[in-house]
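Colleague: structure, please.
(one chain, ligands or ions: 1)
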Amino acid sequence: MRPLTLKVLQQLSAEKFTSGTALAKHFEVSRSAISDAMKDATAAGVEVFSLTRRGYRLAQAVELLNVEAIRTKLGQLAPHLHIEIVDSIGSTNSEMQKRAEENAPSGSVLAAEIQTAGRGRRGRVWQSSFHSGLTFSLLWRFDKGAPQLGGLSLVVGLALVRALRAQGVVHAMLKWPNDIVVHHQKLAGVLIETQGDMLGPTAATIGCGVNIKLPAALKSSIDQAVTDVTDCIADNANATATVSRNALFAALLSELEPALTKFNQEGFTPFRDEWLGCHALQGEVVAVTSSHAPTVEATVVDVADDGSLIVERAGKKILLNTAEISLRRRMKATARHAVSSIVKPIKGAK
Ligand code: BTN
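Modeller: Numbering: from 1, shown residues only. Sure, this is the predicted structure:
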């Protein structure tokens, strides 16, 4: 999307028509530049009504991200975060990793209105479209090495759940290690990428994608069950149906900042009980899949202090501790395969 398109969208209203002439005058461009911007917006999935002699009106108000609005909502936390919002980028995580190498400070936040090459866990693509959600990365620096940050992804997921619940997504739950789900449909995902030595220090790029209002076409093109904040809130009688992207972003950052600070000092242990209480797969039979071993079934029983998931299979407790593993909920156990190649038994466990 072109920079002019975003500016024009910000200027348009969902209540009244604004004439092309007035827009052209305001932005000091030609009428045809405004007309091209409207075509560009429509191609990006924005619904714009156009009437001869009256101009343009949005089907729904567009709320672009605004650093000052977010900083105001962050209050005392604002000085701890360095927020930048860009119109369009390939992947906020890739860009943040570059910035980490260039000594960007801990607490740097990069959000994009449009992300054209969003990446997910396990080599997947993160699909989003203009104004359909939040796509951002947060850089956090730790003195420890990556092997000591085992619970980080779980703590990040928990912080997102806290914020989403407070914003009215009352049924937000976690799916190990850090998917956010509502009724087992994916609402948000987290991709954490680390740079640094095994013994530390580590720069963790924490990439978060949150679905706020997915267009129907995008929803149906995603190869798993997905949901969005707007639908989840509509289910909740006490909440208003519209979601402010700036308010939600500020709420997420307001939970992430203190959770990461506490995790840095105390590790995962103080979060463990709350995390378990939010785990959608607790006690469920799941199919455990990894890229290098056959899928097996096991029952989710617990989570360890290092963030590993503890599952039980044939009476044995087993630790799942690699980000390359994915879990799928099963209604009942059927398959019976050896698990030794993808999981390691807990020492001394029965
Ligand atoms: C997943 O569930 O697989 C993780 C999805 C993470 C997506 C976010 S969007 C912002 C950041 N930039 C990326 O390229 N990916 C993450």
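Colleague: what does the stretch 51-200 of the chain have sitting close to the ligand?
Modeller: The stretch 51-200 of the chain has residues 91-93, 115, 118-121, 124, 126, 135-137, 179, 189-191 near the ligand, with proximity defined as C-beta under 6 Å from any ligand atom. All C-beta spots, glycine's among them, are computed from the backbone N, C-alpha and C.
Colleague: which residue is nearest the middle of the chain?
Modeller: Closest to where the C-alpha atoms of the chain average out (C-alpha atoms, centre = their mean) is residue 209, at 2.4 Å.
Colleague: that residue against residue 121, yeah?
Modeller: No. With contact defined as C-beta atoms under 8 Å, residue 209 does not reach residue 121; the gap is 10.6 Å.
Colleague: now the common contact residues for the two.
Modeller: 189-191 (C-beta atoms under 8 Å, 6 or more residues apart in numbering).
Colleague: in strands only, show me the residues of the stretch 51-200 of the chain next to the ligand.
Modeller: 115, 135-137, 179, 189-191 (DSSP state E).
Colleague: out of those, who's nearest the ligand?
Modeller: Of all these, the ligand sits closest to residue 189, with 2.0 Å by C-beta to the nearest ligand atom.
Colleague: name all residues that make contact with that closest one.
Modeller: Residue 189 is in contact with 120-121, 126, 178-180, 208-209, counting by C-beta under 8 Å, 6+ apart.
Colleague: remind me, longest helix of this protein?
Modeller: Criterion DSSP state H: the longest helix present in the chain is helix 245-266.
Colleague: off-centre distance for that helix?
Modeller: Here the centre of helix 245-266 is set off from its chain's centre by 13 Å, with C-alpha atoms, centre = their mean, to the nearest Å.
Colleague: residue 88: neighbour count?
Modeller: 15 (other C-beta atoms under 10 Å).
Colleague: host element of it?
Modeller: Using DSSP states H and E, the element containing residue 88 is strand 82-89.
Colleague: which strands border that strand, and is each parallel or antiparallel?
Modeller: Applying DSSP bridges, strand 82-89 is found paired with strand 108-115 (parallel).
Colleague: return the distance of the partner strand from the chain's centre.
Modeller: 11 Å.
Colleague: ok and it relative to helix 245-266, angle-wise?
Modeller: Going by axes from the mean of the first three to the mean of the last three C-alpha atoms, to 10 degrees, strand 108-115 is angled at 140 degrees with respect to helix 245-266.
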